[in-house]
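A.B. asks: Requesting a structural model of the entry that follows:
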Amino acid sequence: MIFVESEFAPLRTVVLAESEFGMPKVQREEDLKFLTPEARADLHTKTGMDYGDAYPQNQQAWIKEREAFKDVLLKHGVEVLRPRRLTAAEKKAGGDNGYANFFSRDPFFTVGNLVIEGSLRLLHRRMEVLPMRDIMLERVYPETCIYVAAPRPEVAAADDATHGPGPFIEGGDVLVLDKHIFVGSSGLASNALGARWLEKMLQPYGYTLEIVRLQPDILHLDCALGLIKDGLMVVCEAAFKDGIPEKLRSWDRIDVTYTETTNLATNGLPLSPEVYVTDPVFRHIGDQIARRGITVEYVDFHITRSLGGSFRCSTQPLLRKS
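C.D. replies: Below is the predicted model:
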């Protein structure tokens, strides 16, 4: 079965990301402003290299982080699927733009029984969905569900810092709350044209879409907001240009600072309304969650976070249903 009911409905089947990254030869500072200064420096130091070749110790630690996370998912009865690794041809095709196979949240996303391939803005991520296609063949094609891809983005001039009009729509910006869909927009990932396309896709199925404007150094909506269970969220209010969405303003909230949100404090992952996963560096946040009757699991994810994502970014559910 393929179905995602909400961000916190019990997680049954999930795609957990691989750990491959080819760093672009040309790094646009504007595209990296969501990263910490330390992470930006690392990328500028070893441009054009495979991350594992440039930082072998970090690569091994990164792989171990994902394996430790997998163990927690399995412990709680979640079926874990993994993408294949990139082929030599796919890496070569990335050229000077580099390549990515490191976050499964953005290349595709699931809303209800619709599986949607996204349209990614950053050039090194444009083909990131390809390692997911075997999973589509094995798990999505046989099911009674919709499988569709967003339009391919237009080709922009090399000196166009916006990367063109898109459309861009990325899973990290798409939060599901039953029939209400929030889509983040900061200028770094999903844009208005991408949201317009998604709204057109979802409206016949009874969904309402709300665009949420973010500050320009916030990559995705899930970097500023996490829905933990019905009526409870972890949030950085300063990350929103227009304040917290009206639909969520009555919810109980755990507030995080702007610095914490840029370090992925809101990007934990609910495994159900009773279980939540986060990094031990955010134990003070986990303690507040635990006081609300939720079991909190901790996995050190510092390498993953240094690359701009965390637990939600590393996963894409195919089945979340009460």
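A.B. asks: from here on, contacts and neighbour counts on C-alpha atoms
C.D. replies: OK.
A.B. asks: how about the strands in the stretch 201-322 of the chain?
C.D. replies: Using DSSP state E, counting those that start in this stretch, the strands found in the stretch 201-322 of the chain span residues 208-213, 225-229, 232-235, 252-255, 269-272, 275-278, 295-298, 315-320.
A.B. asks: would you turn those strands into JSON lines with mean pLDDT and mean neighbour count?
C.D. replies: Below are the strands of the stretch 201-322 of the chain laid out as JSON lines (pLDDT from 0 to 100; neighbours: other CA atoms under 10 Å):
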{"stretch": "strand 208-213", "mean pLDDT": "98", "mean neighbour count": "19"}
{"stretch": "strand 225-229", "mean pLDDT": "98", "mean neighbour count": "25"}
{"stretch": "strand 232-235", "mean pLDDT": "98", "mean neighbour count": "22"}
{"stretch": "strand 252-255", "mean pLDDT": "98", "mean neighbour count": "17"}
{"stretch": "strand 269-272", "mean pLDDT": "98", "mean neighbour count": "24"}
{"stretch": "strand 275-278", "mean pLDDT": "98", "mean neighbour count": "22"}
{"stretch": "strand 295-298", "mean pLDDT": "98", "mean neighbour count": "20"}
{"stretch": "strand 315-320", "mean pLDDT": "98", "mean neighbour count": "24"}
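A.B. asks: Tell me which of these lies nearest to residue 16.
C.D. replies: Among the strands of the stretch 201-322 of the chain, strand 315-320 comes nearest to residue 16, with 4.7 Å by CA to CA.
A.B. asks: who's in contact with the least confident helix or strand in the chain by mean pLDDT?
C.D. replies: The helix or strand of the chain with the poorest confidence is helix 37-45; it has a mean of 71 (mean pLDDT, DSSP states H and E). With contacts defined as CA atoms under 8 Å, 6 or more residues apart in numbering, helix 37-45 is touched by 23, 27, 32, 306-307.
A.B. asks: Between those, identify the one with the most neighbours.
C.D. replies: Highest neighbour count within these: residue 23, with 23 neighbours (other CA atoms under 10 Å).
A.B. asks: Pull the distance from the longest helix along the chain to the chain's centre.
C.D. replies: Secondary structure of the chain per DSSP state H: the longest helix is helix 56-75. Put simply, helix 56-75 sits 17 Å off its chain's centre (CA atoms, centre = their mean, to the nearest Å).
A.B. asks: Could you list the low-pLDDT ranges of the stretch 1-150 of the chain?
C.D. replies: For the stretch 1-150 of the chain, the stretches with pLDDT under 70 are 29-31, 33, 44.
A.B. asks: Quick one: residues contacting residue 314.
C.D. replies: Contacts of residue 314 by CA under 8 Å, 6+ apart are 16-17, 102-105.
A.B. asks: beta partners of residue 111?
C.D. replies: residue 114 (DSSP bridges).
A.B. asks: Which of the strands of the stretch 201-322 of the chain sits closest to residue 147?
C.D. replies: The closest of the strands of the stretch 201-322 of the chain to residue 147 is strand 315-320. By CA to CA, the value is 11.8 Å.
A.B. asks: now for the closest one, which elements pack on it?
C.D. replies: On a contact count with 3 or more CA pairs under 8 Å, 6 or more residues apart in numbering; DSSP states H and E, strand 315-320 meets strand 3-4, strand 11-16, strand 108-111.
A.B. asks: deepest of these, which one?
C.D. replies: The highest mean neighbour count among the helices and strands packed on strand 315-320, using mean count of other CA atoms under 10 Å, belongs to strand 108-111: a mean of 25.
A.B. asks: quick revisit: mind listing what's buried along the least confident helix or strand of the chain?
C.D. replies: 39-40, 42-44 (16 or more other CA atoms under 10 Å).
A.B. asks: want to throw the residues you listed into TSV with distance to residue 156?
C.D. replies: Output for the buried residues of helix 37-45, formatted as TSV (distance: CA to CA, whole Å):
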residue	distance to residue 156
39	27
40	24
42	27
43	23
44	23
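A.B. asks: Can you tell me which of the residues you listed lies closest to residue 158?
C.D. replies: If you rank those by distance to residue 158 using CA to CA, residue 44 comes first, at 19.1 Å.
A.B. asks: Ok, which of the strands of the stretch 201-322 of the chain comes nearest residue 157?
C.D. replies: strand 208-213 (25.9 Å).
A.B. asks: Which one (most neighbours) among the contacts of residue 314?
C.D. replies: residue 103 (30 neighbours).
A.B. asks: can you redo the helices and strands packed on strand 315-320 as a markdown table with distance to residue 85?
C.D. replies: Listed next are the helices and strands packed on strand 315-320 as a markdown table, based on distance: least, CA to CA, whole Å:
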| stretch | distance to residue 85 |
| --- | --- |
| strand 3-4 | 26 |
| strand 11-16 | 12 |
| strand 108-111 | 17 |
